[in-house]
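*Asks:* got a predicted structure here, sequence first:
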Amino acid sequence: MTFRRCATRAYVGIVALALGASASSASPSSAAADTVDVGVLQSLTGTMAISEVTVKNATLLAIDQINAKGGVLGKKIVPIVEDGASDPSMFAQKAQKLIHVITSCSAAPSCEPAPPLTNSPTRWRRCSASESLAVRDDREGDRGDAPGTCEKMKLGIIGAGAVGAAVAMAVCGRGHACQITLVDKNVARAKGVATDLRYGVPVSPLVDVEAGDYEALVGAELVIVTAGINEQAGGATDRSDPLGRLRLLDANVKVFEDVIPRVVAVAPDAPILVVTNPPEPLVDVARALARHERVLSTSTFLDTLRFRVHLGERFGVSPASVNAQVIGEHGTASVFLWSTAGIGGVRVLDAVRDRGIPVDDFRRSVEEDVRFANITIIEGIGASQYGIGIVTARLAEIIVRDERAIVPVGSYQARYGVTLSLPTVVGSSGAVEVLWPALSDDEQRALDATAARLKDVVKHYLPGGEQAVGAG
Ligand SMILES: NC(=O)c1ccc[n+]([C@@H]2O[C@H](COP(=O)([O-])OP(=O)(O)OC[C@H]3O[C@@H](n4cnc5c(N)ncnc54)[C@H](O)[C@@H]3O)[C@@H](O)[C@H]2O)c1
């Protein structure tokens, strides 16, 4: 709903929305709730002006910023405080205050912390010219049902190859970062990606995208590592090779030995999110190199979504309505939780049987689609990148907003003495708590075998272990 022209009564409409009343149940005076007194809300700082105010989800204000010539600089989205919302003048005051904060931050190269407007866990800090305010979006489940918080987030991405660029692009689209710093040993590549993305920012949520060295990561709230050799370059595209992505471990441990200490030197508090393959062993390696525990990996978050997509496809339903998980490792030995997979409350395997489809064939074909999705993609475009870019951006959002969403990601499991991917509560420190899923006997055996294999492989790369010549 967009509010454009002057009508003081529109505040009543906004208030009704902010209180959770539906537009139709609001008072008669709010019937024209598609307008708002922009004059009251208007504020000028330098060349910045507020041009348009939108109410979204009853609790969000979206404000277009225009420059002196009327060009749109970007959109800021802020939560509307609810206390005092029953008083229209209070609402107007608070809106004014919010706009003052936004324009001050936008116009000045840096500005002092803005006072929180409520007792909410809003985290305001120093901000630069193009820092943006994050938005609580209206999606559900693992797509973003964050509590309404307001974030300013600086994020580092190491590796600006196919995956790093896709992650950066997806982060730009989600609008939860105010600064993205790309670091790559190929400096020209990082600069090229940052420059390219910057040209899209004027019509995207505001974000600074820059290429830099490790020093530029000071203050980062999260560092995502995508640097390293990929499946195509590392010879891991043979579907019949049981090692799969583990083939990349030897080469990528060397990359991590270079990258992780440099990250920790400049951003010691930032959680490290491992995307590079193979992610689970590289979490163990990164933990040892970083000497801290805030290391996690995207791991089977992506496989889980692939599983849901292929099940949804088979049943002709939206993957959003499929409840299914892949755990263990992002690799050839990932474990598909068929025993609990469901569609709209019906067990997937029951639905398969009901349709007279041979269960084993069905399972095999879905698992193959998921397990080798990366190779299928690589055969088409040379690198699997866009899906992982979107997934990583979502995970970054979960972390910096401290959402405590539950998603299958990789983290060290003391029970097994190795990193595994399991349903995990994810918050600002990374993996907060694992929720051990109920497993069938087969699934438990498969998970145990995956853990044993990973432990055997990774021990060669950890302090005290024998140095391997190759993962194989
Ligand atoms: N976890 C997943 O689900 C998933 C999905 C797709 C790809 N991947 C993995 O992501 C990694 C990157 O894949 P890609 O396709 O982007 O590869 P790429 O070759 O396109 O990019 C890798 C980048 O890393 C940089 N790099 C290498 N060593 C570095 C170092 N020491 N310091 C800084 N930068 C360094 C390279 O210069 C290059 O730009 C691979 O390991 C790939 O297998 C993981």
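*Replies:* In hand now; what should we look at?

*Asks:* buried residues, the strand or helix carrying residue 306. List them.
*Replies:* In this assignment (DSSP states H and E), residue 306 forms part of helix 300-315. Under the neighbour-count criterion of 16 or more other C-beta atoms under 10 Å, helix 300-315 has 300-312, 314-315 buried. C-beta here means a position set from N, CA and C on the backbone, and glycine is covered the same way.

*Asks:* out of those, who's near the ligand?
*Replies:* residue 302 (C-beta under 6 Å from any ligand atom).

*Asks:* out of the buried residues of helix 300-315, which comes closest to the ligand?
*Replies:* residue 302 (4.5 Å; C-beta to the nearest ligand atom).

*Asks:* and that closest one, what does it touch?
*Replies:* 330, 387, 388, 391 (C-beta atoms under 8 Å, 6 or more residues apart in numbering).

*Asks:* residue of this structure closest to the ligand, please.
*Replies:* For the chain, C-beta to the nearest ligand atom, closest residue to the ligand: residue 161, 1.7 Å.

*Asks:* and residue 442, how many neighbours?
*Replies:* 11 (other C-beta atoms under 10 Å).

*Asks:* which parts of the chain belong to which domain?
*Replies:* 2-102, 296-472 (automatic domain parsing).

*Asks:* lowest average pLDDT across those?
*Replies:* For the domains of the chain, the weakest mean pLDDT is recorded on domain 2-102, namely a mean of 39.

*Asks:* JSON lines for the contacts of residue 302, including neighbour count?
*Replies:* Converted to JSON lines, the contacts of residue 302 look like this (neighbours: other C-beta atoms under 10 Å):
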{"residue": "330", "neighbour count": "28"}
{"residue": "387", "neighbour count": "17"}
{"residue": "388", "neighbour count": "25"}
{"residue": "391", "neighbour count": "24"}
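
*Asks:* residue 221: which of those residues is nearest?
*Replies:* residue 391 (18.6 Å; C-beta to C-beta).

*Asks:* which residues sit in contact with that closest one?
*Replies:* Residue 391 neighbours (C-beta under 8 Å, 6+ apart): 298, 301, 302, 305.

*Asks:* pretty sure the last one is touching residue 394, no?
*Replies:* No - when contacts are counted by C-beta atoms under 8 Å, residue 305 is not listed as touching residue 394 (9.6 Å).

*Asks:* show me the contacts for the nearest residue to residue 439 once chain neighbours are set aside.
*Replies:* If the residues on either side of it in the chain are set aside, residue 439 comes closest to residue 447, at 6.6 Å by C-beta to C-beta, 6 or more residues apart in numbering. By C-beta under 8 Å, 6+ apart, the contact list for residue 447 reads 327, 328, 335, 420, 439.

*Asks:* the residues you listed in strands, which ones?
*Replies:* 327, 335, 420 (DSSP state E).

*Asks:* what residues are up against the residue of the chain closest to the ligand?
*Replies:* Residue 161 sits in contact with 184, 189, 226, 227, 230, 383, where contact means C-beta under 8 Å, 6+ apart.

*Asks:* among those, which ones lie close to the ligand?
*Replies:* 184, 189, 226, 227, 230, 383.

*Asks:* in helices only, show me those.
*Replies:* residue 189 (DSSP state H).

*Asks:* most neighbours among the ones next to the ligand among the contacts of residue 161, please name it.
*Replies:* Going by other C-beta under 10 Å, residue 226 tops these with 29 neighbours.

*Asks:* correct me, but that residue touches residue 279?
*Replies:* No - the criterion here is C-beta under 8 Å, and residue 226 misses it with residue 279 at 10.6 Å.

*Asks:* what residues does the stretch 201-350 of the chain have near the ligand?
*Replies:* 226-231, 233, 248, 252, 255, 258-259, 275-277, 279, 298, 302, 330.
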